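# need a structure here:
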Amino acid sequence: MTTRVNGASTATSASVWSQDGAARLVVRCDAASEKIVSIQFIPRGGFPAALPRPVSMNIDDNGWLGSNWQFPGSGAFTSQDAIVTTLAAQLAHGKAIKVRVINPDNTPIDATFTGPATDAPVKRVLAACGYELGVVPARSAVPVAAPAAKPTPADEE
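Numbering: from 1, shown residues only. All right, here's what the predicted structure looks like:
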């Protein structure tokens, strides 16, 4: 667990190195004006920036879960609430975690990670952003503007 404060933002994360030491898997909360949790895959040497690419995880041999992640440069991440909620819950309890990333060169990168001894590190990261393990966070909807009031006959007199 690490927490870094940079001006008005705070980043709290838990991470683990792959068994071969070639990549890190990170659960991170970025809290500023908005609070966002992301799951990140960061290989040694990084990735070049690219359009979203496929990333899949297999936790405890329960099948592969895949989606397109963002590749802003250096690593890959997803911050989509439903995906993060599903993956974080599985990562928190997983013992054997396999990740396959299709990098910007269309080459698969495979990494294997050992899961946490307890779910506490993942729960602490989620709590830093007001998330709860296994619960998709409710985002406040943008209020709909009220329609303009029509003049009443009294207003026209």
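
# Just the element for the one residue sitting closest to the centre of the chain, please.
For the chain, the residue nearest the mean C-alpha position is S38 (1.9 Å; C-alpha atoms, centre = their mean). Secondary structure assigned from DSSP states H and E places S38 in strand 35-43.

# Show me which residues of that strand are buried.
Within strand 35-43, the residues that count as buried by 16 or more other C-beta atoms under 10 Å are V37, S38, I39, Q40, F41, I42, P43. The way it works is simple: take the backbone N, C-alpha and C, and place the C-beta from them, glycine included.

# OK, contacts around the second one?
By C-beta atoms under 8 Å, 6 or more residues apart in numbering, the contact set of S38 is V26, V27, R28, D30, F77, T78, S79, V84.

# What of L51?
So L51 contacts F71 (C-beta under 8 Å, 6+ apart).

# Relative to V5, how far out is it?
32 Å (C-beta to C-beta, to the nearest Å).

# how close does the residue nearest to the centre of the chain get to W69?
Separation of S38 from W69 (C-beta to C-beta): 9 Å.

# and the residue lying closest to P48 once chain neighbours are set aside, how many neighbours?
Leaving aside its chain neighbours, P48 sits nearest to P104 (5.3 Å; criterion: C-beta to C-beta, 6 or more residues apart in numbering). Applying other C-beta atoms under 10 Å, we find 15 residues neighbouring P104.

# Ramachandran angles for P104?
Reported as degrees, to the nearest 10, the phi and psi values for P104 are phi -60, psi -20.

# next one: the one 10 residues further on
The main-chain torsion angles of T114 are listed as degrees, to the nearest 10 and equal phi -90, psi 130.

# what's the spacing between it and N106?
For T114, the distance to N106 (C-beta to C-beta) stands at 28 Å.

# Between these two, tell me which one has more neighbours.
For T114 and N106, the more surrounded residue by other C-beta under 10 Å is T114, and the numbers stand at 13 against 8.

# residue contacts, that one?
Counting by C-beta under 8 Å, 6+ apart, the residues that T114 touches are V16, Q19, K95, A96, I97.

# V26 too?
So V26 contacts S13, A14, S15, S38, I39, Q40, F41, I42 (C-beta under 8 Å, 6+ apart).
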